[in-house]
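K.L.:
model this:
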Amino acid sequence: MNLSHIEKNTKVRIKEIKSPAILKKRLQSLGISAGKEVEVSEISLQKNTLKISLGFSFIALRMNEAQTIEVEELS
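P.N.:
Okay, here's the model as predicted:
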């Protein structure tokens, strides 16, 4: 399952990032990497962006970027 399919207020753990190297490097510089726990905080009305919380930070991602991030739901 990828991050773009996650509902609002759901916590997940990142399993793998399957994006081009330049995007993967940018995501890692923001703290988004395998093993990290994130929560989907907001989804835009047009469903083209989402906001995730990572610790005390919030990061906005385009849906096509979120589609490259494989996640698993936390129980």
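
K.L.:
now the longest helix seen in the chain: buried residues?
P.N.:
Taking DSSP state H as the assignment, the helix of the chain that covers the most residues is helix 21-29. By neighbour count, with 16 or more other CB atoms under 10 Å as the criterion, the buried positions of helix 21-29 are 24, 27. In this view, the C-beta of every residue, glycine as well, is placed from N, C-alpha and C.

K.L.:
who touches the helix or strand following that helix?
P.N.:
On the C-terminal side of helix 21-29, the nearest following helix or strand under DSSP states H and E is strand 37-43. Under the contact criterion CB atoms under 8 Å, 6 or more residues apart in numbering, strand 37-43 has outside partners 3, 6-14, 32, 49-54, 58, 71, 74.

K.L.:
next SSE downstream of strand 37-43?
P.N.:
strand 49-54.

K.L.:
buried stuff in that next one?
P.N.:
Using 16+ other CB under 10 Å as the burial criterion, the residues of strand 49-54 that qualify are 50, 52, 54.

K.L.:
and the first one, bridged to which residues?
P.N.:
Read it as Leu50. Residues found in beta-bridge contact with Leu50 (criterion: DSSP bridges) are Ile43, Leu61.

K.L.:
thinking again about what came up before, mark which of the contacts of strand 37-43 are buried, thanks.
P.N.:
3, 6, 12, 14, 32, 50, 52, 54, 71.

K.L.:
which ones are touching the second one?
P.N.:
Read it as Ile6. Residues touching Ile6, when contacts are defined by CB under 8 Å, 6+ apart, comprise 12, 40, 71, 73.

K.L.:
let's have the buried residues of strand 49-54 in JSON lines, adding pLDDT and distance to Ala21.
P.N.:
Rendered in JSON lines, the data for the buried residues of strand 49-54 read as follows (pLDDT from 0 to 100; distance: CB to CB, whole Å):
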{"residue": "Leu50", "pLDDT": "96", "distance to Ala21": "23"}
{"residue": "Ile52", "pLDDT": "97", "distance to Ala21": "21"}
{"residue": "Leu54", "pLDDT": "94", "distance to Ala21": "21"}
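
K.L.:
in a markdown table: those residues, plus distance to Arg26.
P.N.:
Shown next, in a markdown table, are those (distance: CB to CB, whole Å):
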| residue | distance to Arg26 |
| --- | --- |
| Leu50 | 16 |
| Ile52 | 14 |
| Leu54 | 14 |
